[in-house]
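In: kindly return the folded structure for what I paste below:
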Amino acid sequence: MSKAVRPPLFLTIAAVVVATAIALPLVYLTIRTAFIGGEDLWELITRPRNLMILVNSVTMMAIVALLSAIISIPLAFLTVRTDLPARRFWLIMTTLPLAVPSYVGSFALIAAFAPRGSFLQLLLQPFGVEELPSIYGWPGTMLALTLFTYPYMLLSIRSALQGLDPSLEEAARSMGYNSRQAFFRVILPQLNPSLIAGGLLVALYALRDFGTPSLMQFDTFTQAIFVQYQASFDRDSAAALSLVLVAIVLFMLWLENRTRSRAGYYTRGSASLRPAKMVKLGKWKLPALIFCGIITFLGVLLPIIITAFWLIQGLSTNYEFIDLLSPALNSITAAGLAAIITTLFALPIAILSIRFPSKVIAIIERSTYVSFGVPGIVVALSLVFFGANYLPILYQTLPMLLFAYLVLFLQQSVGGVRTSLLQVNPQVEEAARSLGNSPLQTLKKVTIPLVSPGILSGAVLVFLTAMKELPATMLLAPIGFDTLAMEIWKATENVDFADAAAGSLTILLVSMISTFVVLSQEKVKSKAKV
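Out: I've put the predicted structure just below:
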């Protein structure tokens, strides 16, 4: 497909639908905020509490992104470029925190490290430790969000490392650089694009997260918006706070775009097809294993151990568990349909952005990051407004919930498809067109099969994130359509640890299977290069 050719009509229509979907929350927020006078709006935004929330949110994003980089860079290098024992095992274990909902992980951290009554405090009590330092507030929030979001950055950096041309490092070594100097002066600068992209996803996820700040008693915009809506039903104030949050996301995207334009991108030449020389860890092998073990224990094993303990406690007391079959089926149904629908709309956006680039398409493609960074409650409130006022037939129905998932998680699918499409030579598609195939036939016969790994990976990531989504699901799900995320949250609020554990283990099992599918695609792609 040549850039001079106009894009097919069906791709353009899909892009218009996506642009409309992404614009709805912003239109709603603008309408709601218009009911507040200028002076009242400024007074609301500049309240000491709201300014504190602003500082909390921005600082939280920066710290979580920084800590994620500190964890992800060593893990990526260890699992790609070193002789670390059981590299494949550690890759899987350090990626599995993607499968842990942040509110489940936070619940496990509180049970393990809370000041009183936690597992650690009870273990240390015979030694005279009556109370541990508080995990609530800054410490717990930073720890939980970092542990359960860093895999987004890890996967990005791993992909970049695998695509680096080893001849660049070899040239540095021939100039007298040792391994450490070659890493910091040659390899690390080439990872800037993946660090920026991964850091943006981590920061946006931290900004939109609701469960962790709520459980850790930490004031952020998402929590404040939810309280304004649920406790006081002040939707105008909630909309004003949401617009401030959207402004933060837009500023981050502007900053990311400026930084990315100055970053040196890695290349995939013919030399990159041969594997790079493995670095021997030597005396650093044991510290590396300990580092991987600590991250795996905190991010994967601890949530499983804590939830399993509460489950066993319930079983030992003949506790009557809630029926999780229906919520599990509801979760799988909603998340599965969301993955399919999101993929169908992500394909046109990715194809247009790569094969038919323009300023309009670039804006639409970049705006998917905005929708990903906006909390689920903001999207849900916008759909409640439009549904109740203009489409009551769709209010609190499954289609409306799926539409919310499309707005929230489109970026994850677009990113996967776009990455795969960049590796497809456009001459292959042009050859198919020259043989008489229509654009739609070329898409079905050539493009989709070639980018299928990216399509599947993006779809699984959407499925995984939709399974964990809480605020949008609580506000938009049909009456009686309870999901695992909703059951876990209700059980946690009611201090029903056994029910929360049963739901958590169920969602962990389903999510881990999805994560294995994503990792299997990496294995398939690596084999295809050989």
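In: any low-confidence regions in the stretch 401-530 of the chain?
Out: 419, 423-424, 495, 517-530 (pLDDT under 70).
In: change it to 90
Out: Residues of the stretch 401-530 of the chain that meet the criterion pLDDT under 90 lie in 407, 409-465, 467-472, 474-477, 479-480, 482, 484-530.
In: show me where it has helices.
Out: For the stretch 401-530 of the chain, the helices defined by DSSP state H, counting those that start in this stretch occupy 426-434, 439-442, 448-450, 452-468, 471-476, 484-493, 497-529.
In: just checking, what packs against the fifth one?
Out: Other helices and strands packing on helix 471-476, by 3 or more C-beta pairs under 8 Å, 6 or more residues apart in numbering; DSSP states H and E, are helix 376-389, helix 398-422, helix 484-493. All C-beta atoms are positioned from the backbone trio N, CA, C, and that covers glycine.
In: which residues in the chain form strands?
Out: Counting by DSSP state E, the chain has no strands to list.
In: about what we covered before: what's the closest of the helices of the stretch 401-530 of the chain to residue 409?
Out: helix 452-468 (4.6 Å; C-beta to C-beta).
In: buried set for that closest one?
Out: 453-468 (16 or more other C-beta atoms under 10 Å).
In: burial check on the closest residue to residue 150 other than its chain neighbours, number of neighbours?
Out: Closest residue to residue 150 apart from its sequence neighbours, by C-beta to C-beta, 6 or more residues apart in numbering: residue 68 at 3.9 Å. Residue 68 has 27 neighbours, counted by other C-beta atoms under 10 Å.
In: go ahead and confirm residue 68 touches residue 148.
Out: No. Counting by C-beta atoms under 8 Å, residue 148 is not a contact partner of residue 68; they are 10.1 Å apart.
In: what's around residue 219, how many residues?
Out: Residue 219: 19 neighbours (other C-beta under 10 Å).
In: show me how the protein divides into domains.
Out: 1-33+323-530, 47-319 (automatic domain parsing).
In: residue 41 is nearest to which of these?
Out: Of all the domains of the chain, domain 47-319 comes closest under C-beta to C-beta, at 5.8 Å.
In: just the endpoints, please. Distance across stretch 92-102?
Out: End-to-end distance for stretch 92-102, by C-alpha to C-alpha, to the nearest Å: 18 Å.
In: chain center to it: distance?
Out: 11 Å (C-alpha atoms, centre = their mean, to the nearest Å).
In: next one: stretch 325-337
Out: 20 Å.
In: name the residues of that stretch that come out as buried.
Out: In stretch 325-337, counting by 16+ other C-beta under 10 Å, buried: 327-328, 330-332, 334-335, 337.
In: then stretch 132-141?
Out: Buried-residue list, stretch 132-141, by 16+ other C-beta under 10 Å: 135, 140-141.
In: and those, which is closest to residue 48?
Out: residue 141 (20.3 Å).
In: in contact with the closest one: list those residues for me.
Out: 60, 212-213, 216, 218 (C-beta atoms under 8 Å, 6 or more residues apart in numbering).
In: roughly how far apart are residue 256 and residue 72?
Out: Separation of residue 256 from residue 72 (C-beta to C-beta, to the nearest Å): 17 Å.
In: need the pLDDT of residue 337.
Out: For residue 337, the model assigns a pLDDT of 95.
In: give me every residue that touches it.
Out: Residue 337 neighbours (C-beta under 8 Å, 6+ apart): 398, 402.
In: measure it to residue 24 for me?
Out: Applying C-beta to C-beta to residue 337 and residue 24 gives a distance of 19 Å.
In: equivalent analysis for residue 6, please.
Out: From residue 6 to residue 24 the distance is 27 Å (C-beta to C-beta).
In: and the residue lying closest to residue 96 once chain neighbours are set aside, how many neighbours does it have?
Out: The shortest distance from residue 96 to any residue other than its chain neighbours is 4.8 Å, reached at residue 300 (C-beta to C-beta, 6+ apart). Neighbourhood size, residue 300 [other C-beta under 10 Å]: 23.
In: also residue 84?
Out: Around residue 84 there are 23 residues (other C-beta under 10 Å).
In: is residue 377 in contact with residue 226, as I believe?
Out: Yes. With contact defined as C-beta under 8 Å, residue 377 counts as touching residue 226 (5.3 Å).
In: find residues that contact each of the two.
Out: What both residue 377 and residue 226 touch, as defined by C-beta under 8 Å, 6+ apart, is the set 210, 471.
In: do you know the pLDDT at residue 25?
Out: On the pLDDT scale, residue 25 gets 82.
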